[in-house]
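Engineer: Mind folding the following:
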Amino acid sequence: MNYITFNIKRLRFDEHYQPADNTRITTNFANLARGASRQQNLRKTLAMIDRRFNALAPWDNPTADRYAVQLDIISVDIHIAGKSDAFPAIEVLKTSIIDRTTKQRIDGIVGNNFSSYVRDYDFSVVLPEHNKNKPNFSIPPNFGDLHGKLFQCFVSSREYQQHFRKPPVICLSVSDNKTYQRTGNQHPVLGIEYQPDDSSLTEQYFKKMGLNVRYFMPAQSAAPLAFYFFGDLLNDYSNLELIGTISTMETFQKIYRPEIYNAHIAAGNRYQPNLNNPDHAPTDIVYDREERSRLAVEQGRFAQEHFIRPHQRLLEQWAAQYLSPETFLTEERAIA
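Structural biologist: Residues are numbered from 1 along each chain as shown. Here you go, the predicted model:
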């Protein structure tokens, strides 16, 4: 019996987008779509994505307008067997590329942005409470285990396989408390690879989700992006698929973190991101960064009240018995 199942819903992210009632209000794209400037925000964001895509795909594209990117918000609800209510667990973005020359619609990557109530609970409730009144910061035992297993269960689920043909790629900002060193490796689309000086808590958390990470700075970018993925990032996806993710997420990062991604001076051989960097160009797209940080705590409490506490015993039992797809493969090889 499947104790955990999923329901997937799609909603187009365009200039008419309005956040659904159960959308995490700290979700980046939801933040842009509220207030008096909402439609102007959305139009400008989508135009920035298209311009960046065409700049990264210049071949057979002399007027730099061959491609357009369409975005769908993928909302994932978790259903627990025997329980009538569903919990809005995850939201990601799905890209599609419109080729105006061939009139084709090209399937893109799912993932890109990543929003999760349970992650809010871990980082905004569990972690602060664990370190309250402690002189030295530490990580709680089993931190992120449940979230990681829920995510791996989703990606290996029948529901995911029915909707998406490739594993997800999640693209995030670099950490402002790490230093990144340029390597000699360069990809024609992803750009120059960087290596961090140390593993971050985010890396460790996403590792429990089954995801590896590599850092690349595409051509004409100001800073590297963090790409979290299963499998082989460089060979499992086409150039256009990768460009769809880069153009989407670099645009969002220019809006959210212009000090890093809209800086006037690009990252050099050794790079330390700085959120207080004055030498940058803010976009004219309205984004409330302070609200996003404040509401993350509220949404972590929401997950605690409506998902963790009501189902804690069942979730603990399920997590103790759950074997990730990677574990299954390891055991099968051992038996063989």
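
Engineer: quick one, strands of the stretch 201-336 of the chain?
Structural biologist: 212-217, 225-229, 270-271 (DSSP state E, counting those that start in this stretch).

Engineer: Tell me which of those sits most buried.
Structural biologist: Mean neighbour count (mean count of other CB atoms under 10 Å) peaks for strand 225-229 among these, with a mean of 23. (Glycine included, C-beta is placed from N, CA and C.)

Engineer: List of residues touching it?
Structural biologist: 111, 167-174, 190, 202, 206, 209, 211-218, 233, 236, 245-246, 249-250, 253 (CB atoms under 8 Å, 6 or more residues apart in numbering).

Engineer: again with stretch 232-247
Structural biologist: 49-50, 52-53, 56-57, 67, 69, 95-97, 106-109, 111-112, 166-167, 169, 171, 187-190, 212, 214, 218, 225, 227, 229.

Engineer: Then stretch 142-150?
Structural biologist: Under CB under 8 Å, 6+ apart, the answer for stretch 142-150 is 4, 78, 89, 116, 118-119, 122, 126-127, 204-205, 207-210, 315-316, 318-319, 322, 324.

Engineer: same thing but 7 Å
Structural biologist: For stretch 142-150, contacts defined as CB atoms under 7 Å, 6 or more residues apart in numbering pick out 78, 89, 116, 118-119, 122, 126, 205, 208-209, 315, 319, 322, 324.

Engineer: re earlier: would you mind putting the strands of the stretch 201-336 of the chain into CSV with mean pLDDT and distance to residue 137 alongside?
Structural biologist: Conversion of the strands of the stretch 201-336 of the chain to CSV gives the following (pLDDT from 0 to 100; distance: least, CB to CB, whole Å):
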stretch, mean pLDDT, distance to residue 137
strand 212-217, 98, 22
strand 225-229, 98, 22
strand 270-271, 97, 24
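
Engineer: Redo those strands as TSV? Include distance to residue 144.
Structural biologist: Shown next, in TSV, are the strands of the stretch 201-336 of the chain (distance: least, CB to CB, whole Å):
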stretch	distance to residue 144
strand 212-217	15
strand 225-229	13
strand 270-271	27
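
Engineer: Next, give me the two most distant ones among the contacts of stretch 142-150.
Structural biologist: 126 and 324 (21.1 Å; CB to CB).

Engineer: Please indicate which of the contacts of strand 225-229 are buried?
Structural biologist: With burial judged by 16 or more other CB atoms under 10 Å, the buried subset of the contacts of strand 225-229 is 111, 167-174, 190, 202, 206, 209, 211, 213-218, 233, 245-246, 249-250, 253.

Engineer: Restricted to helices, list those residues.
Structural biologist: The members of the buried ones among the contacts of strand 225-229 that map onto helices under DSSP state H are 202, 206, 245, 246, 249, 250, 253.

Engineer: Redo the residues you listed as JSON lines? Include pLDDT and distance to residue 260.
Structural biologist: Converted to JSON lines, these look like this (pLDDT from 0 to 100; distance: CB to CB, whole Å):
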{"residue": "202", "pLDDT": "94", "distance to residue 260": "15"}
{"residue": "206", "pLDDT": "97", "distance to residue 260": "19"}
{"residue": "245", "pLDDT": "98", "distance to residue 260": "18"}
{"residue": "246", "pLDDT": "98", "distance to residue 260": "15"}
{"residue": "249", "pLDDT": "96", "distance to residue 260": "13"}
{"residue": "250", "pLDDT": "97", "distance to residue 260": "11"}
{"residue": "253", "pLDDT": "94", "distance to residue 260": "7"}
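
Engineer: what sits against residue 151?
Structural biologist: residue 209.

Engineer: Need the three-state assignment for it.
Structural biologist: helix (DSSP: H, G, I helix; E, B strand; the rest coil).

Engineer: just for the chain, where's the confidence low?
Structural biologist: In the predicted model, the chain carries pLDDT under 70 at residues 1, 20-37, 286-293, 324-336.

Engineer: which residue ranges form the helices in this protein?
Structural biologist: Going by DSSP H, the chain shows helices at 28-32, 38-56, 117-121, 127-131, 145-155, 158-163, 201-207, 239-256, 258-261, 289-303, 312-321, 325-335.
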